[in-house]
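Trainee: coords below, sequence missing:
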């Protein structure tokens, strides 16, 4: 049930043309309850006929941006922990 709730949240973000920060927060929560990348792809494919391909493409770009920012943050935190200087 929690996965369905998270899937619905992702669908709502796409439909509302949400910013990348919203995807970052919701994808983190979705991952905590076991929603995987294939599940997100399934949601995007399922709602494309309803919200339109352009909305799904825009959402995909925002998801990629959110993941990229998360990777940068994690990398910086690990470098700080390990005492790595750039």
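Mentor: Done, it's in. Source: prediction; values computed, not measured.
Trainee: which residues does residue 28 contact?
Mentor: residue 70 (C-beta atoms under 8 Å, 6 or more residues apart in numbering). Every residue, glycine included, has its C-beta placed from N, CA and C.
Trainee: Which elements pack onto the helix ranked longest in the chain?
Mentor: Scanning the chain for the longest helix, with DSSP state H as the assignment, gives helix 53-82. On a contact count with 3 or more C-beta pairs under 8 Å, 6 or more residues apart in numbering; DSSP states H and E, helix 53-82 meets helix 2-15, helix 20-32, helix 37-51.
Trainee: quick one, that helix and helix 37-51 angle?
Mentor: 150 degrees (axes from the mean of the first three to the mean of the last three C-alpha atoms, to 10 degrees).
Trainee: Between helix 20-32 and helix 53-82, find me the angle.
Mentor: Helix 53-82 runs at 70 degrees relative to helix 20-32, counting by the same axes, to 10 degrees.
Trainee: change the start of the numbering to 161 and stick with it
Mentor: All set: I'll call the first residue 161, so the last point we hit is now helix 213-242.
Trainee: Helix 213-242 relative to helix 162-175, how many degrees between them?
Mentor: Angle of helix 213-242 versus helix 162-175, following the same axes, to 10 degrees, is 120 degrees.
Trainee: And helix 213-242, what's buried?
Mentor: Buried positions in helix 213-242, judged by neighbour count with 16 or more other C-beta atoms under 10 Å: 215-216, 219, 222-223, 226.
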